[in-house]
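[1] based on what follows, work out the 3D shape:
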Amino acid sequence: MQNPKKSTTLNIIPLICVAVPMLILDWGTKWLVQNHITQGIEVIPIIPGFFNLRHDRNDGAAFGVLAGHRFLLILITIVALVFIFTYYLRYRESRWMQVSLGFLLGGAIGNFIDRLYLGEVIDFLQFGIASRRLFWPTFNVADVSVCIGAGMLIVYLFRSRNQDQQA
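    Down below sits the predicted model:
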């Protein structure tokens, strides 16, 4: 019989192996942007007319929702972290969920740290159609990580639901 503590410890490794690199990648890219791209002015085309790097700040959530409500966003992030760990405890046997929650954790902590220390989040990835001046709001690696984790979570829940309905 396997020791439950050892099993839990081993099951947390995929969560950590996803969250930590995402957090490091987020911090590293934000550090580079903060130290090498002038905020709000400089735009570095990567794929001209489609993908740029630009240093923006966002004191809200996605798309600037809840702008100026730093305390509320910090509180929401704390609730999200509780959700992540609650789901981890419930679904820790599923490798898919471990990875999904790792992406969510890495992204949530990345933006949480920005909000705590800067009062806003550093965004720098800009996609759009320059000739029409249509751009998606800038975002960062933490946002990408959260979206990947949320997408994986949705897939898992739909697959589980379908399997339950077929049983």
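[2] for the chain, which helix is longest?
    Selection of the longest helix in the chain by residue count, based on DSSP state H, yields helix 4-36.
[3] and it, what's its mean pLDDT?
    Average pLDDT, helix 4-36: 87.
[4] only alpha carbons, please: show stretch 85-97 as PDB.
    Extracted as PDB, the C-alpha positions of stretch 85-97 are listed here (Å, rounded to 0.1, in the frame of the first residue of the first chain):
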ATOM      1  CA  PHE A  85      -5.700  24.400  -4.400                       C
ATOM      2  CA  THR A  86      -9.200  23.100  -3.700                       C
ATOM      3  CA  TYR A  87      -9.400  21.600  -7.200                       C
ATOM      4  CA  TYR A  88      -5.900  20.200  -6.800                       C
ATOM      5  CA  LEU A  89      -7.000  18.300  -3.700                       C
ATOM      6  CA  ARG A  90     -10.100  17.000  -5.400                       C
ATOM      7  CA  TYR A  91      -8.500  16.000  -8.700                       C
ATOM      8  CA  ARG A  92      -4.800  15.400  -7.800                       C
ATOM      9  CA  GLU A  93      -4.900  11.900  -9.400                       C
ATOM     10  CA  SER A  94      -5.500  13.400 -12.800                       C
ATOM     11  CA  ARG A  95      -2.300  14.400 -14.600                       C
ATOM     12  CA  TRP A  96      -4.400  16.600 -16.900                       C
ATOM     13  CA  MET A  97      -5.800  18.600 -13.900                       C
END
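[5] just how off-centre is it within its chain?
    Per C-alpha atoms, centre = their mean, to the nearest Å, the displacement of stretch 85-97 from the mean C-alpha position of its chain is 18 Å.
[6] name the helices or strands packed onto the longest helix of the chain?
    Identification of packing neighbours for helix 4-36 by 3 or more C-beta pairs under 8 Å, 6 or more residues apart in numbering; DSSP states H and E yields strand 51-58, helix 95-118, strand 121-129, helix 141-166. Bear in mind the C-beta positions are built from the backbone N, C-alpha and C, glycine included.
[7] any residues touching the shortest one, and which ones?
    Applying C-beta atoms under 8 Å, 6 or more residues apart in numbering, the contact partners of strand 51-58 are 33-34, 37-40, 42-46, 64, 67, 118, 120-127, 130, 137-138.
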